[in-house]
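# after the sequence you'll find the predicted model.
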Amino acid sequence: MNILKTTFVCLFTTLFSFAQVSDTEKSALIALHSATNGSDWNTTWDITKPVDTWYGITLENNNVVAIDLSFNNLRGTLPQELGNLTHLRELNLGLNKLEGKIPETLSKLQSLTSLELFLNHFSGTIPIFVAELKNLETLSLYSNAFSGPIPVELMTLDNLEILQLGSNFLTGTIPNEIMALTKLKKLSLIDNKFEGIIPVELSELSNLEELILSENKLTGNLPLQFSKLSKLSTLMVSDNNMDSEYVTVVDDNAYIKQMITTYNDTYVVQRD
């Protein structure tokens with residue numbers, strides 16, 4: 001009798017949990033499955049089974065709060081229905097074969113803290129509406145085909161800790177307004193077409209640990225003010241058009257300070 005009762009309770013709990021996943025959220029997931037060739041995913045979904053059994057989906061209080069389908073052979077474009085997953089905090093679709101543009105409906109995901117779409121084939125400009133995701137802590141769009149400048153609107157994402165936009169076709173200058181991202185720990189703009197000087201305003205980012213700007217068209221020198229970045233331990237600015245060729249430094253804060261000071265003994269840069 002006890003075994004039968006336990007089995008019944010477990011079955012009831014499972015069914016109840018499944019029933020509480022809203023039709024709107026389930027439909028959004030099915031739209032994603034359909035739009036990205038779900039039948040050919042490395043690990044696909046049996047959409048006849050409860051949502052909590054679907055690979056890469058995390059539920060909390062019967063809401064979809066995380067999707068991690070990275071490296072899962074997703075092909076196609078992202079559906080507008082993704083914007084209906086309003087409880088979503090993490091979206092990782094990196095290392096797939098997605099293309100097209102990021103749908104504007106993603107601006108409805110106001111709980112989103114992490115947006116990772118790296119290593120795909122997305123194109124067009126980085127959409128301004130990303131700046132509406134005020135809780136973002138991680139924005140990883142590297143290794144796509146984005147073009148144009150960095151939208152200055154992104155500089156209002158004051159919770160951002162990781163900004164990775166490398167290996168695209170981005171142009172223009174690094175915006176001075178980046179100094180507003182005071183929580184930023186990692187900034188990577190490697191392998192783009194950025195021009196102009198490295199803004200001295202970056203020296204205001206006291207939490208910065210990694211600064212990766214190699215393989216652009218940047219000019220000038222590293223400002224002496226960078227030596228006050230007490231947490232900066234990784235610095236890559238090689239393969240630009242700078243007055244000096246700086247060596248790459250990884251995990252060595254003391255050497256970075258020494259290098260900047262040494263170079264500025266010869267190339268003094270004073271900028272307001």
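That came through, no problem.

# low pLDDT regions in the stretch 1-150 of the chain?
1-19 (pLDDT under 70).

# how does it look with 80?
Counting by pLDDT under 80, the stretch 1-150 of the chain contains low-confidence ranges at 1-20.

# all strands of it, in order?
Taking DSSP state E, counting those that start in this stretch as the criterion, the stretch 1-150 of the chain carries its strands at 57-60, 63-68, 75-76, 90-92, 97-100, 114-116, 121-125, 138-140, 145-148.

# Ser34 is nearest to which of those?
strand 75-76 (8.7 Å; Cβ to Cβ). Placement of C-beta: from N, CA and C, glycine included.

# circling back: now distance to Ser227 and mean neighbour count too, for the strands of the stretch 1-150 of the chain, in CSV please.
Shown next, in CSV, are the strands of the stretch 1-150 of the chain (distance: least, Cβ to Cβ, whole Å; neighbours: other Cβ atoms under 10 Å):
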stretch, distance to Ser227, mean neighbour count
strand 57-60, 42, 16
strand 63-68, 39, 19
strand 75-76, 47, 16
strand 90-92, 36, 19
strand 97-100, 41, 16
strand 114-116, 32, 21
strand 121-125, 35, 15
strand 138-140, 28, 21
strand 145-148, 32, 16
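
# so which of these comes closest to Thr262?
With Cβ to Cβ as the criterion, Thr262 lies closest to strand 138-140 of these, at 33.3 Å.

# neighbouring strands - and their directions - for the closest one?
Here strand 138-140 is paired, per DSSP bridges, with strand 114-116 (parallel), strand 162-164 (parallel).

# would you reformat those strands as TSV and include distance to Asn176?
Shown next, in TSV, are these (distance: least, Cβ to Cβ, whole Å):
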stretch	distance to Asn176
strand 114-116	24
strand 162-164	15
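
# one step back: redo the strands of the stretch 1-150 of the chain as CSV? Include distance to Ile47.
CSV is the format used below for the strands of the stretch 1-150 of the chain (distance: least, Cβ to Cβ, whole Å):
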stretch, distance to Ile47
strand 57-60, 11
strand 63-68, 14
strand 75-76, 17
strand 90-92, 19
strand 97-100, 20
strand 114-116, 24
strand 121-125, 26
strand 138-140, 28
strand 145-148, 31
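
# helices of the stretch 1-150 of the chain, start to end?
2-20, 23-35 (DSSP state H, counting those that start in this stretch).

# which other helices and strands does the last one contact?
Using 3 or more Cβ pairs under 8 Å, 6 or more residues apart in numbering; DSSP states H and E as the contact definition, the elements that helix 23-35 packs against are strand 63-68.

# what residues sit buried inside stretch 186-203?
Residues 186-192, 194, 197-203 are the ones in stretch 186-203 that count as buried (16 or more other Cβ atoms under 10 Å).

# end to end, how far does stretch 133-153 reach?
Separation of the first and last residues of stretch 133-153 by Cα to Cα, to the nearest Å is 11 Å.

# just give me how far that stretch sits from the chain centre.
Per Cα atoms, centre = their mean, to the nearest Å, the displacement of stretch 133-153 from the mean C-alpha position of its chain is 7 Å.

# same question for stretch 196-215.
On the basis of Cα atoms, centre = their mean, stretch 196-215 is displaced by 18 Å from the centre of the chain it belongs to.

# for stretch 193-210, same thing?
Worked out by Cα atoms, centre = their mean, stretch 193-210 lies 18 Å from the chain centre.

# ditto for stretch 91-99
Averaging C-alpha positions (Cα atoms, centre = their mean) puts stretch 91-99 11 Å from its chain's average.

# got the end-to-end distance for it?
Taking Cα to Cα, stretch 91-99 runs 16 Å from one end to the other.
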